[in-house]
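**Q** Below are the sequence and a predicted model for it; my questions follow.
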Amino acid sequence: MAQIQAGQSIAVHVPATSANLGPGFDVLGLALGVYDTLVVHTLASPGVSVEVTGEGADTLPTDESHLIARTILERWEELGFEPAGLRIEATNNIPHGRGMGSSAAAMVSALAAANALLPAASQVGLDEVFQAASRWEGHPDNVAPAVYGGLTLSWSTEAGFGTVQGKLHQDIVPVIAIPDVELSTATARGLLPATVPHAVAAANGGRVGLLIHALAHDPSVLLVGTEDFLHQGFRAPAMEPSAALIARLRAAGHAAVVSGAGPTVLVLCAGQAQAQEAAAAVSAFAASHGETTWRVRIESVPPTGVRVEVL
């Protein structure tokens, strides 16, 4: 087997993501300006050590069983390379179990790192990183904006995965409200029915088309465009505070949805003034519903995704 060169050091920066955006279930994704950073050093001696700062610092493993370390090693083995030792420093700013793409970010950063540490002749471009991450993650909706940034529309076929970047109106500003509770994607998916009536699917498809138009050309119709028929109602019992917050915000005219599988709430706003209003509305809700603590952030949508730098 070919060897991975020891003595290399790289840094990988990858954004958080929000999937679905309401009706775009398993299709739409949006990059958010919250980043995890990964620093990877290859060593001459065998073994793996991981240092975690931030989210998960007290709970994540610090050896080769860590998801990022395991993914790097398995990717090298898949490509026919004998791994070097690894020292990994993970700075996690993306909350875990909140519907902001933390697992997709970990997968993308690991595969981007594994690629960047290969011999130059064996390295591939972002498109293959996207394909590999989508295979390993199982679906592309969070992977695509983590790799490419911006707004993405993704799909799966028997031949692999595809994605395109959608146009995003300059006035779109995301606001995120992150509760102090977690919800696993598996739990959230387990609440979904196996089938829905034809009329429900048709209504949801219409909202997806309107949402894409709203995001690209006319933010004034974001509220109607973000109406979902496929997943949020079924998942509401697992995240009652989030469902209540979304109902309050939408009643006030804000385009609020579940971020990914939840329980984070995403509000798509038209301009900074509306974003400030939405953030204030979240704070007012939190003050009157003290059982849940919320972190509120007005965010940006980075136009590019994962970035690797040689140190």
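**A** Nice, I can see it. In this text, all values refer to a predicted model and were calculated from it rather than measured experimentally.
**Q** count of residues packed around the residue lying closest to Phe161 once chain neighbours are set aside?
**A** The shortest distance from Phe161 to any non-neighbouring residue, by CB to CB, 6 or more residues apart in numbering, is to Ser134 (4.1 Å). Bear in mind the C-beta positions are built from the backbone N, C-alpha and C, glycine included. Other residues within reach of Ser134, judged by other CB atoms under 10 Å, total 25.
**Q** show me the contacts for Ser134.
**A** Pro140, Val143, Ala144, Ser154, Ser156, Gly160, Phe161 (CB atoms under 8 Å, 6 or more residues apart in numbering).
**Q** That one sits in which helix or strand?
**A** In the assignment (DSSP states H and E), Ser134 maps to helix 126-137.
**Q** Equivalent analysis for Arg235, please.
**A** Using DSSP H and E, Arg235 falls in helix 232-235.
**Q** elements contacting the following helix or strand past that helix?
**A** Next along the chain after helix 232-235, taking DSSP H and E as the criterion, comes helix 240-251. Counting contacts by 3 or more CB pairs under 8 Å, 6 or more residues apart in numbering; DSSP states H and E, helix 240-251 is packed against strand 172-179, strand 255-258, strand 265-270, helix 272-288.
**Q** try 10 Å
**A** strand 172-179, helix 232-235, strand 255-258, strand 265-270, helix 272-288, strand 294-298 (3 or more CB pairs under 10 Å, 6 or more residues apart in numbering; DSSP states H and E).
**Q** Check the ones you listed for me: which has the lowest mean pLDDT.
**A** Lowest mean pLDDT of the helices and strands packed on helix 240-251: helix 232-235, a mean of 92.
**Q** Check what contacts that one and list those residues.
**A** Contact partners of helix 232-235, identified using CB atoms under 10 Å, 6 or more residues apart in numbering, comprise 20, 22-23, 25, 183, 187-193, 196, 226, 228, 239, 242-243, 246, 257-258, 261-263.
**Q** What ranges does the stretch 1-150 of the chain have for its helices?
**A** Under the criterion DSSP state H, counting those that start in this stretch, the stretch 1-150 of the chain contains helices at 67-78, 102-116, 126-137, 143-148.
**Q** Please work out which of those is packed deepest.
**A** helix 143-148 (a mean of 31; mean count of other CB atoms under 10 Å).
**Q** orientation of the helix or strand that comes right after that one relative to helix 126-137 in degrees?
**A** Using DSSP H and E, the next helix or strand after helix 143-148 towards the C-terminus is strand 151-157. Interaxial angle, strand 151-157 versus helix 126-137 (axes from the mean of the first three to the mean of the last three CA atoms, to 10 degrees): 60 degrees.
**Q** Can you spell out which helices and strands pack onto strand 151-157?
**A** Using 3+ CB pairs under 10 Å, 6+ apart, the elements in contact with strand 151-157 are strand 9-20, strand 24-43, helix 126-137, helix 143-148, strand 160-166, helix 198-216.
**Q** what helices or strands is the shortest one leaning on?
**A** Secondary structure elements in contact with helix 143-148, counted by 3+ CB pairs under 10 Å, 6+ apart, are strand 9-20, strand 24-43, helix 102-116, helix 126-137, strand 151-157, strand 160-166.
**Q** Okay then, goodbye and thanks.
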